[in-house]
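sequence plus predicted model, see below.
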Amino acid sequence: MVYLLIHNGTLIDGEGCKPLESAAVLIKDQIILDSGVEDSLKLPNDKINYIDAQGGFILPGFIDCHVHMMWNGFRFEDPLFTPLSLYFYQATLNLKNTLKAGVTTVRDAGLADFGVKRAIERGLITGPRLQISVMPLSTTGGHFDFHHKSGLQIKTTYPGLPDPVCDGPEEVRKRVREVLRSGADVVKVMVTGGVISANDSPEHPQFTSEELRVMVEEASFRGLPVMAHAHGSTGVKNALQAGIRSIEHGTYLNDECIALLLEKDAWLVPTMLVHRINMDKLEAGDLPEFSREDTRNVFTNGLKSVQKAQKAGVKIVMGTDSGIGPHGQNLRELGLLCQVGMEPSEAIQAGTKHASELLGIQDKIGTIKKGKLADVVISAINPLEDMESMGNSDNILVVMKEGKIVKDIRTF
């Protein structure tokens, strides 16, 4: 049996502990056996393969709780000219770029189907492990209804990817069951409008409280959570009161929203990176006219809301909405979390330990700890001193997923 020993680095284990210099991590097969100061570890007599961290920083693999692996930007006209198969080939590059950025687990917030997840699990393609929502649910005229005022409809469905539109408790119940039948690990619902919507605005609430409770009930029958795209305060409150576990975006949080987040022990996934990227597009003149005002308002109010939530003690984790923006820049979100008030160690936990708790897999990943899967990242730069450096994937020297090195750009 061959063992791996990552050594000659500083360990930042994701638990919030003080960084440990001259550290090492001992791995057997997919599992972490031990970690600590290298001289204190009891090493086996069997053959050991050494991985020299070269004085870098050893961290858990990161977790992005909100991505769209099947997208590369969003333009309504794309499905008119793009063959369906091309999205899958492009997704293989998106998955690789995400993994190379140091993200070993993602929660896909819409359009990655069960086949994409299974292809990774079988080793047919390379990528982070996936939790999938398959297809977000939308009201007629809502954020994922692609009928337009012209009468044109953009089709996004195919076998394995159900229709997103549903209205009324019984139709909602059936659509949730269809999504779960298609392999969803989490149910995704649009409880407000969005920035890229042609027919609504981010503040507009969507779905009734009764419809939302039906979604939560149906998901709960399988022990699965619901995540809510939610910008406006009314939609946020409706979602939380219905029992939805995580609020995605949370742009217009008022005091009542924050109190409910705390009361319900719910999570906020603020996706600040996509709002920053959308502002860059706005300034470059690359956004459609119907998105411009919403983009500016969401960016400004989103920062204020996250600052308020963070100060109040709301549970916040990393999510980027990559797919709307480029893939492979995921860890830029950590720097933005620091900008709104998190300490660097807290931001790291938002992308590791706490993110694993939201996904319900904290027993498997999220920290470098005995018995967990060997998802490990080696950074050339100390993230506690320069968090923004993490957003440049060139600073991520090594990425290991389940004990297998999937990226190595160390110099020898």
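Noted; the coordinates are in hand. Numbers count the residues shown, from 1 in each chain.

for P169, which non-adjacent residue is closest in space?
Among residues not flanking P169 along the chain, V214 sits closest, at 4.9 Å (CB to CB, 6 or more residues apart in numbering). No exception for glycine: its C-beta is placed from N, CA and C like everyone else's.

list the buried residues of the one helix or strand that neighbour maps to.
Element membership of V214 [criterion: DSSP states H and E] is helix 209-220. Neighbour-count burial for helix 209-220 flags 211-216, 218-219 (criterion: 16 or more other CB atoms under 10 Å).

mind putting the residues you listed into CSV with pLDDT?
As requested, the buried residues of helix 209-220 are exported to CSV (pLDDT from 0 to 100):
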residue, pLDDT
E211, 98
L212, 98
R213, 98
V214, 98
M215, 98
V216, 98
E218, 98
A219, 98
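
closest to I247 out of those?
L212 (12.4 Å; CB to CB).

A112: neighbour count?
The number of residues packed near A112 is 32, by other CB atoms under 10 Å.

do you know the pLDDT at the nearest residue to it once chain neighbours are set aside?
Closest residue to A112 apart from its sequence neighbours, by CB to CB, 6+ apart: M69 at 4.7 Å. We have a pLDDT of 98 for M69.

next up, the contacts around M69.
Taking CB atoms under 8 Å, 6 or more residues apart in numbering as the criterion, M69 is in contact with 91, 94-95, 98, 106, 108, 111-112, 116, 127, 130, 323, 327.

same question for V176.
Contact analysis of V176 by CB under 8 Å, 6+ apart lists 137, 187, 214-215, 218-219.

what count of nearby residues applies to the residue lying closest to I120 once chain neighbours are set aside?
In space, I120 comes closest to G127 once its chain neighbours are excluded; the distance is 4.8 Å by CB to CB, 6+ apart. Neighbours of G127 under the rule other CB under 10 Å: 26.

ok, the contacts of M69 vs A374, which is closest?
Of all these, A374 sits closest to G127, with 17.0 Å by CB to CB.

and the closest one, how close does it get to K117?
As judged by CB to CB, to the nearest Å, G127 and K117 stand 9 Å apart.

give me the below-cutoff pLDDT ranges for the stretch 101-250 of the chain.
The model of the stretch 101-250 of the chain has pLDDT under 70 over residues 146-155, 196-198.

how about the strands in the stretch 301-412 of the chain?
315-316, 376-379, 396-401, 404-408 (DSSP state E, counting those that start in this stretch).

the third one: how far from the chain's middle?
On the basis of CA atoms, centre = their mean, to the nearest Å, the separation between the geometric centre of strand 396-401 and that of its chain is 18 Å.

assign C65 to helix, strand or coil.
Secondary structure for C65, judged by DSSP: H, G, I helix; E, B strand; the rest coil, is strand.

for it, report the pLDDT, please.
Here, the pLDDT recorded for C65 equals 98.

how much space separates it from T320?
Distance, C65 to T320, by CB to CB: 9 Å.

name the nearest residue to the residue nearest the centre of the chain, sequence neighbours excluded.
Geometric centre of the chain, nearest residue: C65, 2.2 Å, by CA atoms, centre = their mean. Nearest non-adjacent residue to C65, counting by CB to CB, 6+ apart: G319, 4.1 Å away.

again with E121
Nearest non-adjacent residue to E121 (CB to CB, 6+ apart): R129, at 7.6 Å.

how about the buried residues of helix 209-220 in a markdown table, adding distance to Q307?
Listed next are those as a markdown table, based on distance: CB to CB, whole Å:
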| residue | distance to Q307 |
| --- | --- |
| E211 | 32 |
| L212 | 27 |
| R213 | 31 |
| V214 | 34 |
| M215 | 30 |
| V216 | 29 |
| E218 | 35 |
| A219 | 31 |
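
T157: which of these is nearest?
Nearest to T157 among the buried residues of helix 209-220, with distances taken as CB to CB, is M215, at 18.9 Å.

next one: the spatially closest residue to K315 that is not a sequence neighbour from A101, what distance?
In space, and not counting its chain neighbours, K315 is closest to W267: 4.9 Å by CB to CB, 6+ apart. Using CB to CB, W267 is found at 22 Å from A101.

one more: E211?
37 Å.

same question, I31
For I31 relative to A101 (CB to CB), the value is 24 Å.

who has more neighbours, these two?
Taking neighbours as other CB under 10 Å, I31 and A101 compare with A101 leading, 28 against 15.

doesn't R107 make contact with the residue nearest to E121?
No: taking CB atoms under 8 Å as the definition, R129 is not a contact partner of R107, at 10.0 Å.

quick one: which of the two has more around it?
Shown here are R129 and R107; by other CB under 10 Å, R107 has more neighbours (27 against 21).

check contacts around I6.
Listed by CB under 8 Å, 6+ apart, the contact partners of I6 are 24-25, 27, 51, 53, 58, 376, 378, 400.
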